[in-house]
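Visitor: what's the 3D shape of this:
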Amino acid sequence: MKYSVILSALPLACLMACLQACSTDEDGGVAEEPAVQNHAIKFSVKERPLGGTPVQKGMRRSPETTLENISVFSLSFVVDNSSGESKKVTKDVVGNTWEGDAAWPASYVSGTKADTKVAWYAHTVNGSHCEEQFAYDDGRPFVYFTVEENAEETGDLLVAQTTKSYNECKDSNGDAQLALTFNHVCSAIQLYISKTASLTDYTVEVRKVVLHNVASAGTFYLDNDTWEIDDPDAKTYFTVKAYKGNDNYLTVEETAQVLGEEGDYLFVIPQTLTGWDKTGTPSDCYLEIDCKITTKDGQTVVHNGSAYISFSATLEQNYIHPFNIKIGTGLRDVNGNKIIQ
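Guide: Residues are numbered from 1 along each chain as shown. Have a look, this model is predicted:
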């Protein structure tokens, strides 16, 4: 028998792909594996374009994961309150096919058990500075996900799931197919930068922007598509270089410009960010802007170093959130004092 899995991709609010991981079940043991795993899973991959409203969807600081750049994902199953070992599925770029050793659990392909529903979960992340792990505990399947500070390597987490019996999936030849639709479950941030009209007489050059105090670890529950922040006090930061090519800074204009490369997004765990209250030393969530501000004639350096802006947002799952950082007279120093009066 052969088993094939059909993958389809939806817009960023509903997309594709999966993670690498391992699955455990500390309470119920491990579901029985096939005695001989000779049922290769093959994948036919399709993709739909990204969507748009109500807020722009599909941002990335690290490249957004699409079916073109997914090279591997993990596939796990849960049946009769037990989970099976995760199996890796790898893309054959030459043949544009998917190959792996995942198979239908052997005890559920014949007799009455062939009508038993088996829940399949797939997951992947595009980013080497992220970690993820599938697990099944207390009757709930979930993915534990952590991100590290490095905007160019934040991961785009995608998951897919379907529940079918073997008899529902098999064809006249006894082959089975699983149709998987992969969804983005992180939030995406796109940062733009501009200066206000109040700084028309100043030249503003930005080297980098750092987003401080963002939750770094969360659990995504696959049974109800929700996130939980594991430790509200576990925070990280993300650095976004403002310049491109050989330039070591970006000259800020009154027209907004994207930070970094166009189309790159910063992927984070969905959460609500409470902004700094602009008094005293920066705390809660804020942007640290490494910049140089001079008078238009270049004769006077008004500021050279870190400046701070409060940052607050509600970051939703599957959404791109574009933010325009407006540099003006509200820019503050490390003590909360305005830099330009």
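Visitor: Can you read off the pLDDT for residue 51?
Guide: According to the prediction, residue 51 has pLDDT 39.
Visitor: Extract the residue ranges of the protein that are flagged as low pLDDT.
Guide: Counting by pLDDT under 70, the low-confidence segments of the chain come to 1-69, 93-96, 127-129, 149-153, 173-174, 244-246, 261-264.
Visitor: biggest strand in it by residues?
Guide: When the chain is parsed with DSSP state E, its longest strand is strand 202-215.
Visitor: Which other helices and strands does it contact?
Guide: For strand 202-215, the elements it packs on are strand 187-195, strand 235-241, strand 250-252, strand 266-268, strand 271-273, strand 286-295, strand 320-327, judged by 3 or more Cβ pairs under 8 Å, 6 or more residues apart in numbering; DSSP states H and E. The way it works is simple: take the backbone N, C-alpha and C, and place the C-beta from them, glycine included.
Visitor: nearest to residue 88, of those?
Guide: With respect to residue 88, and counting by Cβ to Cβ, the nearest of those is strand 266-268 at 22.2 Å.
Visitor: For residue 274, give its distance to residue 248.
Guide: In this view, residue 274 and residue 248 are 33 Å apart by Cβ to Cβ, to the nearest Å.
Visitor: Compare these two (neighbour count), which wins?
Guide: Set side by side, residue 274 and residue 248 show unequal neighbour counts under other Cβ atoms under 10 Å, the larger going to residue 274 at 14 against 11.
Visitor: That one touches residue 314, doesn't it?
Guide: No. At 10.1 Å, residue 274 does not count as touching residue 314 under the criterion of Cβ atoms under 8 Å.
Visitor: tell me the domain ranges of this protein?
Guide: For the chain, the domain assignment from automatic domain parsing gives the residue ranges 3-186, 188-215+234-327.
Visitor: now these in a markdown table, with distance to residue 226?
Guide: Formatted as a markdown table, the domains of the chain follow (distance: least, Cβ to Cβ, whole Å):
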| stretch | distance to residue 226 |
| --- | --- |
| domain 3-186 | 10 |
| domain 188-215+234-327 | 8 |
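Visitor: Ranking these by mean neighbour count, which comes first?
Guide: Each of these was given a mean neighbour count from mean count of other Cβ atoms under 10 Å, and the largest, a mean of 19, is that of domain 3-186.
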